[in-house]
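Colleague: Structural data only, the sequence is not supplied:
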């Protein structure tokens, strides 16, 4: 088991050194999407579908953008503030909507994501329709991380931080208690043994949103730009598609889904509509034919023999 | 904010509101009876409008024929979607919602590809403006509102006075018992989804001459529909009607006073307030 | 196992459901360690009263007191922390989790969450976790269902599931345990064995309120019986006095 992890670690660390710049770009986007998708998965595991994750990503991204351009502070400050802003917003909306069953939550998160975008679009001071451009790259040990290769390692570190945090959180007593929230009946049982379910749900959501915010800030500095056209509902649904296609059986699912579909998407990127179309078709196919997602493929093949 | 402006905002708000209600009703109906949140609803609305453009403007069909075709097609699409996607996934709420999201994505993407990004326009069904008591309103909008109102009333009658309506309410209450009593829940399910799709497409067809048409117009509509059903209470027809009219008025007066974008934020704020004070919605069940 | 049993006092409880009076002036006391049965014909209000004591419903009037402390403003999670445990009529469990994991959820509620230590997976945290898991197995053993510890709860036979719901409630170390029709759906023999095990495990150590339709079980195991009819208490005393009480007999015969 540990040998496998070592190999993966080495690949992640060294492969970019050997590949062309375009591949490094794909690797960066894959890592970013994987980190986002893990947050979406964390909520799904609890029985909650978040259809507006992009809204929280945007909060983190814009925090980083505004802090580094309007206030002129070091990018690291923006990256540090982003998870706090996104996490606080997540905690707020979570507290409001989690007294109800999941569908109200899903619709509210969707609405929130749209409103965030609308707000950034409408207020010129926050960038307006043109967004915020000219984000500097953060500097490490005096050297700005200008190249794809250099930035890759920052993205890797951030993605590992988010992923490890959520993975470890899942393994705590708190994370274990989150498994009691899947249906209305089970939630009642959870309360009867003393679990304050609305609070748990709000904190879980806050954790996912904070991770989204952190990655959003890193994402923003990669693009050197943020705008209302990036973190849209389409992006939120992409993330859900990654999680569903990968499979909800374990933490590996969102990673696989994000990696495969992002890499595929980068090939189709030239026409954005085709990318969404392909994603949607794959999604429907998986739901109807392979409900366990790509994770369950080895099992299905074994059974077919 | 003068009295005249207020009156204007109120009337426009009511008219817009009833159109929102038409679309949101389809959503509430589908959720209340088949327990599915139909994310593709916005796309059906868009395709209703797009259908009128393609058949009536581009292909030159007479308006009544184009309308009938659009309505028939939307009904058929609803029944087909229910049979092909919703029925096999029954009971799996997550897969159902995600599947409806997938369908919406496919519909939207195909529309962008087939119809292109350029705004399309449908000539007015009933040109002219009427003015009364200092309030100015296009006849077009009044017509659309009138049709919508008639349909909402018709829906009420359907649900509360027909056998189909009784079957729908029975299934909403307790599907197993309804089945035991002989209700064909499969047929009611496909009829309900067909009806929901029809209402959405009709909403789109009615507003086709009022706003410009593009494949992305479904998103705004579905956002508004969701806010309305959250405020009104998922599954409650009365709640949807009340919330729709309220939101229409709030948005219209807000736009006159603060501007369009601010009005959207105001509407969202209303949703937050309802979530805090009465989370199950005005008429929703706790 | 549990800490000292608690005294339950129900004082002047009234409950209106949209104009209909479900409960009216219900008052009684269950001394600490008592095994009390709550019976009555269908529609008498047993379920409503049960849920009010458990904290799932708010009463329109009156109070619920635990050892003299008013717990009425608390919801079910709050009452659980005060030591009130309950089971649910339909054998509600965490269906996708194993039997042991079900009980573990309840055991862990008694342990401090210590999420930060959990994130770091410290030695002390892991040892505490193991102790909790051992405790969960122990609770399963006292109800003799340890053999199923690793099986998915949703797939267990009904009799085992009912015992498991009691195990889950017990693992919270309640001072007052509320059992909602524990023998429902079980054969007479299984029901008797369930009550016997509960009696043996908890006698004197926990106050128990049982809602039941199986009158034989009530008469056999309960020390005190409350009979409800149309939302009012019509009998409060030992089970032996039930047969001779004309009001009780009428209430049951009148509804059959």
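Modeller: Alright, I've got the coordinates. Everything quoted here is computed from the prediction, not taken from an experiment.

Colleague: Show the subsequent helix or strand relative to the helix or strand where residue A:78 lies.
Modeller: Assessed by DSSP states H and E, residue A:78 sits inside helix A:75-97. Once the chain leaves helix A:75-97, the next helix or strand it forms, by DSSP H and E, is helix A:102-122.

Colleague: near chain C, anything from that next one?
Modeller: No - under the criterion of CB under 8 Å from any CB of the partner chain, chain C is not reached by helix A:102-122; the shortest gap measures 15.8 Å. Just so you know, the C-beta spots here come from the backbone N, C-alpha and C atoms, and that holds for glycine as well.

Colleague: Show me what whichever helix or strand comes after that helix is packed up against.
Modeller: The C-terminal neighbour of helix A:102-122 among helices and strands, as given by DSSP H and E, is strand A:132-133. Secondary-structure packing of strand A:132-133 (3 or more CB pairs under 8 Å, 6 or more residues apart in numbering or on different chains; DSSP states H and E): helix A:53-69, strand A:225-226.

Colleague: So in that sheet, which strands flank the helix or strand following strand A:132-133, and in what orientation?
Modeller: Downstream of strand A:132-133, the first helix or strand assigned by DSSP H and E is strand A:139-140. Strand A:139-140 has the following sheet partners, assigned by DSSP bridges: strand A:143-144 (antiparallel).

Colleague: Just checking the distance from the partner strand to the centre of its chain.
Modeller: Averaged C-alpha coordinates place strand A:143-144 at 27 Å from its chain's average position (CA atoms, centre = their mean, to the nearest Å).

Colleague: what's the average pLDDT for that strand?
Modeller: The average pLDDT within strand A:143-144 is 80.

Colleague: thinking again about what came up before, helices or strands up against the helix holding residue A:78?
Modeller: Using 3+ CB pairs under 8 Å, 6+ apart, helix A:75-97 is in contact with helix A:53-69, helix A:102-122, helix A:197-223, helix B:260-277.

Colleague: Mind checking if the last one is in reach of chain A?
Modeller: It stands for helix B:260-277. Yes - applying CB under 8 Å from any CB, one finds helix B:260-277 touching chain A at B:261, B:262, B:264, B:265, B:268, B:271, B:272, B:275, B:276.

Colleague: residues in contact with the spatially closest residue to residue B:263 that is not a sequence neighbour?
Modeller: Residue nearest to residue B:263 in three dimensions, not counting chain neighbours: residue B:254, with 3.6 Å by CB to CB, 6 or more residues apart in numbering or on different chains. Going by CB atoms under 8 Å, 6 or more residues apart in numbering or on different chains, residue B:254 touches B:262, B:263, B:266, B:267.

Colleague: rewinding a little: please identify the most buried of the helices and strands packed on strand A:132-133.
Modeller: Highest mean neighbour count of those: helix A:53-69, a mean of 29 (counted as mean count of other CB atoms under 10 Å in any protein chain shown).

Colleague: Would you pull up how far the strand or helix carrying residue B:48 lies from the middle of the chain?
Modeller: Element membership for residue B:48 (DSSP H and E) is helix B:41-52. Computed by CA atoms, centre = their mean, the chain-centroid distance of helix B:41-52 equals 10 Å.

Colleague: Can you give me the buried ones in it?
Modeller: For helix B:41-52, the neighbour count (16 or more other CB atoms under 10 Å in any protein chain shown) marks B:41, B:42, B:43, B:44, B:45, B:46, B:47, B:48, B:49, B:50, B:51, B:52 as buried.

Colleague: From the residues of helix B:260-277 next to chain A, list just the buried residues.
Modeller: Applying 16+ other CB under 10 Å to the residues of helix B:260-277 next to chain A flags B:262, B:264, B:265, B:268, B:271, B:272, B:275 as buried.

Colleague: re the thing from before, quick one: mean pLDDT for the helix holding residue A:78?
Modeller: Here the average pLDDT along helix A:75-97 is 92.

Colleague: what about the lowest-mean-pLDDT helix or strand in chain B and chain C, touching?
Modeller: Counting by mean pLDDT, DSSP states H and E, chain B has its least confident helix or strand at helix B:175-180, which shows a mean of 74. No - applying CB under 8 Å from any CB, one finds helix B:175-180 out of contact with chain C, separated by at least 14.4 Å.

Colleague: From the contact counts, what lies against that helix?
Modeller: helix B:163-173, helix B:185-207.

Colleague: re earlier: where does the residue nearest to residue B:263 fall, secondary structure wise?
Modeller: helix B:237-258.

Colleague: residue boundaries of the strands in the stretch 101-250 of chain C?
Modeller: Listed in chain order, the strands of the stretch 101-250 of chain C (DSSP state E, counting those that start in this stretch) span C:176-180, C:207-211, C:224-229, C:232-237.

Colleague: I'd like to check what contacts the first one. Which residues are they?
Modeller: Taking CB under 8 Å, 6+ apart as the criterion, the residues outside strand C:176-180 that touch it are C:5-6, C:8, C:47, C:50, C:53-54, C:66, C:83-89, C:166, C:169-170, C:198, C:202, C:206-211.

Colleague: if you set the cut-off to 6 Å instead, what comes out?
Modeller: C:6, C:8, C:50, C:54, C:84-89, C:169, C:206-211 (CB atoms under 6 Å, 6 or more residues apart in numbering or on different chains).

Colleague: Likewise for stretch A:68-76?
Modeller: A:67, A:78, A:132, A:134, A:135, A:136, A:138, A:221.

Colleague: Tell me the spacing between the residue lying closest to residue A:135 once chain neighbours are set aside and residue A:145.
Modeller: Residue nearest to residue A:135 in three dimensions, not counting chain neighbours: residue A:224, with 4.6 Å by CB to CB, 6+ apart. To residue A:145, residue A:224 is 11 Å away according to CB to CB, to the nearest Å.

Colleague: Tell me which of these two has more neighbours.
Modeller: Using other CB atoms under 10 Å in any protein chain shown as the criterion, residue A:224 and residue A:145 rank with residue A:145 on top: 20 against 14.

Colleague: Show the backbone phi and psi for that one.
Modeller: phi -80, psi 70 (degrees, to the nearest 10).

Colleague: got a list of what the spatially closest residue to residue A:105 that is not a sequence neighbour touches?
Modeller: Distances taken as CB to CB, 6+ apart place residue A:97 nearest to residue A:105, at 4.6 Å, with adjacent residues excluded. By CB under 6 Å, 6+ apart, the contact set of residue A:97 is A:104, A:105, A:108.

Colleague: In JSON lines: those, plus pLDDT and neighbour count.
Modeller: Output for the contacts of residue A:97, formatted as JSON lines (pLDDT from 0 to 100; neighbours: other CB atoms under 10 Å in any protein chain shown):
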{"residue": "A:104", "pLDDT": "79", "neighbour count": "22"}
{"residue": "A:105", "pLDDT": "83", "neighbour count": "24"}
{"residue": "A:108", "pLDDT": "82", "neighbour count": "27"}
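
Colleague: of those, closest to residue C:109?
Modeller: residue A:105 (23.9 Å; CB to CB).

Colleague: least trustworthy helix or strand in chain C by mean pLDDT?
Modeller: For chain C, counting by mean pLDDT, DSSP H and E, that's helix C:246-255 with a mean of 74.

Colleague: What residues of that one count as buried?
Modeller: Buried-residue list, helix C:246-255, by 16+ other CB under 10 Å: C:248, C:251.

Colleague: Report the distance from it to the chain centre.
Modeller: With CA atoms, centre = their mean, you get 26 Å for helix C:246-255.

Colleague: still on that earlier bit, distance between the helix holding residue B:254 and the chain's centre?
Modeller: 14 Å.

Colleague: Tell me the buried residues in it?
Modeller: Result for helix B:237-258 [16+ other CB under 10 Å]: buried residues B:237, B:239-256.

Colleague: before we move on, back to that, in a markdown table: the contacts of stretch A:68-76, plus distance to residue B:115.
Modeller: As requested, the contacts of stretch A:68-76 are exported to a markdown table (distance: CB to CB, whole Å):
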| residue | distance to residue B:115 |
| --- | --- |
| A:67 | 41 |
| A:78 | 40 |
| A:132 | 32 |
| A:134 | 36 |
| A:135 | 35 |
| A:136 | 41 |
| A:138 | 43 |
| A:221 | 37 |
